[in-house]
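Chemist: Return a 3D structure for these sequence lines:
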Amino acid sequence: MFSKEFIDLTKHAHSKSRENFSASQAIEPNPYFIGFGNPNSKILLVGQEMAINPKKSSVTLEMESYRNPEQWNEIIENNISDINYSFNGENGFKNPRKPYDTKPTETWRSYGRIVEKITDKKLNKNQQFFEHSFITEINTVVSKTQNGYSPDKERDFILKHNFFKNFPITILSTGHYLKMEEIENIFDVKYSTPDSDSKDYLKFAVYRNADKKRILINTRQMSGFGRHKLDDEDVDAYFDKISAKVM
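Modeler: Just a heads-up that it's a prediction; the model follows:
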């Protein structure tokens, strides 16, 4: 059902999670968090950090971060193919392949729009973009506000795993969180070209791996378009320029 690389990553993340969290009942952000969506897809979406208030949303933190490797391991071990399988999260969380039926955050809505552009598929509003992409985060920490890059050696090990190098298209939606050298080091790519014609808040940079079979595009964070008074046409034009680079 899944690639060897994904199964290997899941086993490692699950083992390390048990090793580090089994002695404590405290629910904490998990540096071994893998991600959500379809591990066999062609599009990897990487955000800044989970937009969770750990004090007010402990169940969300538990289901989305803390137990993520455990959930993937159970899906693999029990060969669960039903994308609507539920781990019965009290906040409506279902499973890491399709976290929610309806929880359209601004960032996830934008992810859905850009996945539509890249795949040229009309996706419904019911989180269908998870079937055509896989999402993860740069930071271990969770926060409702932007923290900047918070280096963590365990998180870096996860992000550098070969599984994440299997995606031909990576959209690094972290803005200026990572410097060029950090992007190159973590994702094994080299800087190629900037999109120099756009306004500063709509710029992006293109990176490619050595054999040109993978492309990484470092874009702005996918929420907050309203702060720059951008309408849907502006956002669609931005996504059109990005998707044109990966065609």
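
Chemist: Contacts for stretch 235-246 next, please.
Modeler: 110, 113-114, 117-118, 169, 171, 195, 198, 202, 204, 206, 215, 217, 219, 225, 230 (C-beta atoms under 8 Å, 6 or more residues apart in numbering). Heads up, the C-betas are built off the backbone N, CA and C, glycines and all.

Chemist: where do the strands sit along this protein?
Modeler: Ranges of strands within the chain are 36-37, 43-47, 134-137, 169-172, 190-194, 205-208, 215-218, based on DSSP state E.

Chemist: Glu19 versus Tyr66, what's the distance?
Modeler: The span separating Tyr66 from Glu19 equals 14 Å under the rule C-beta to C-beta, to the nearest Å.

Chemist: Neighbour count: the two, which is higher?
Modeler: Looking at Tyr66 and Glu19 with other C-beta atoms under 10 Å, you find the greater number of neighbours at Tyr66, namely 21 against 10.

Chemist: Show me the shaky parts of this structure.
Modeler: Per-residue confidence for the chain (pLDDT under 70) gives these ranges: 23-25, 103-104, 125-126, 196-197, 226.

Chemist: nearest to Asn91, of the strands of the chain?
Modeler: Between Asn91 and the strands of the chain, the shortest separation by C-beta to C-beta is 14.4 Å, and it involves strand 36-37.

Chemist: chain center to that closest one: distance?
Modeler: Taking C-alpha atoms, centre = their mean, to the nearest Å, one finds the center of strand 36-37 at 8 Å from the center of the full chain.

Chemist: Also stretch 216-234?
Modeler: Stretch 216-234 sits 17 Å away from the centroid of its parent chain (C-alpha atoms, centre = their mean).
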